[in-house]
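Enquirer: Dropping the sequence and predicted coords here.
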Amino acid sequence: MGINKIGDGQAWKFGDDISTDLIAPGQYFHLRSNLSELAKHVLEGAEVEHTDSKFAELFSQGDFVVAGRNFGMGSSREHAAAIIKISGVSAVLAKSFARIFFRNAINVGLPVIQCDTGRIEPLDILQLNLKEGFVEDKTRNFKLPFAPLPGIMLRILNSGGLRKYVKEHNGLVLPRD
């Protein structure tokens with residue numbers, strides 16, 4: 001059940017310190033009440049490795065955002081995580097995340113995985129196993145382990161986000177794992 005396995009999608013690689021201002025560019029602030037339109041500009045301000053084009057014009061549904069350290073830093077733009085999900089990105093893999101961004105991503109149902117992304121190259125084909133805790137790079141034939149997400153986070157992701165989880169369970173039910 002749910003999204004325990006995700007893939008096969010291409011890796012779109014970014015560097016360190018990708019801020020929420022780069023994820024949801026400020027010049028499109030007027031679109032924050034229309035997230036589908038804002039999602040057309042996701043990561044527009046961030047440099048994508050291996051290309052001069054804009055990420056939103058290149059990636060395909062199911063692809064992965066792969067980054068370095070401190071992904072989602074900066075202001076607590078809640079819509080930053082939401083537009084990544086709305087755009088069709090399967091998951092975000094990074095060496096580390098800003099705490100607020102990480103929480104917002106789980107809340108909207110966007111898988112965010114902390115792992116050593118250094119070996120992943122641009123356009124590698126990836127598959128993610130949330131339950132067992134590894135990313136498989138099918139292009140280079142290796143697996144990257146990561147600490148599996150706690151059970152409650154997997155349940156929230158499998159429900160499609162916190163709001164849907166609470167609705168399904170008639171409240172915030174926190175089972176003991």
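Expert: Looks like it arrived, so ask away.
Enquirer: what about stretch 117-127, start to end distance?
Expert: 13 Å (C-alpha to C-alpha, to the nearest Å).
Enquirer: Pull out the buried positions in it.
Expert: Within stretch 117-127, the residues that count as buried by 16 or more other C-beta atoms under 10 Å are 117, 120, 124-127. The way it works is simple: take the backbone N, C-alpha and C, and place the C-beta from them, glycine included.
Enquirer: and for it, what are the contacting residues?
Expert: Stretch 117-127 is contacted from outside by 5-13, 48-51, 64, 66-68, 93-95, 135-140, 142, 144, using C-beta atoms under 8 Å, 6 or more residues apart in numbering.
Enquirer: Quick one: buried ones out of those residues?
Expert: Using 16+ other C-beta under 10 Å, the buried members of the contacts of stretch 117-127 are 6-7, 9-13, 48, 64, 66-68, 93-95, 135-137, 144.
Enquirer: Please convert the buried residues of stretch 117-127 to JSON lines, extending it with pLDDT and secondary structure.
Expert: Converted to JSON lines, the buried residues of stretch 117-127 look like this (pLDDT from 0 to 100; DSSP: H, G, I helix; E, B strand; the rest coil):
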{"residue": "Thr117", "pLDDT": "97", "secondary structure": "helix"}
{"residue": "Ile120", "pLDDT": "97", "secondary structure": "coil"}
{"residue": "Asp124", "pLDDT": "96", "secondary structure": "coil"}
{"residue": "Ile125", "pLDDT": "96", "secondary structure": "strand"}
{"residue": "Leu126", "pLDDT": "97", "secondary structure": "strand"}
{"residue": "Gln127", "pLDDT": "95", "secondary structure": "strand"}
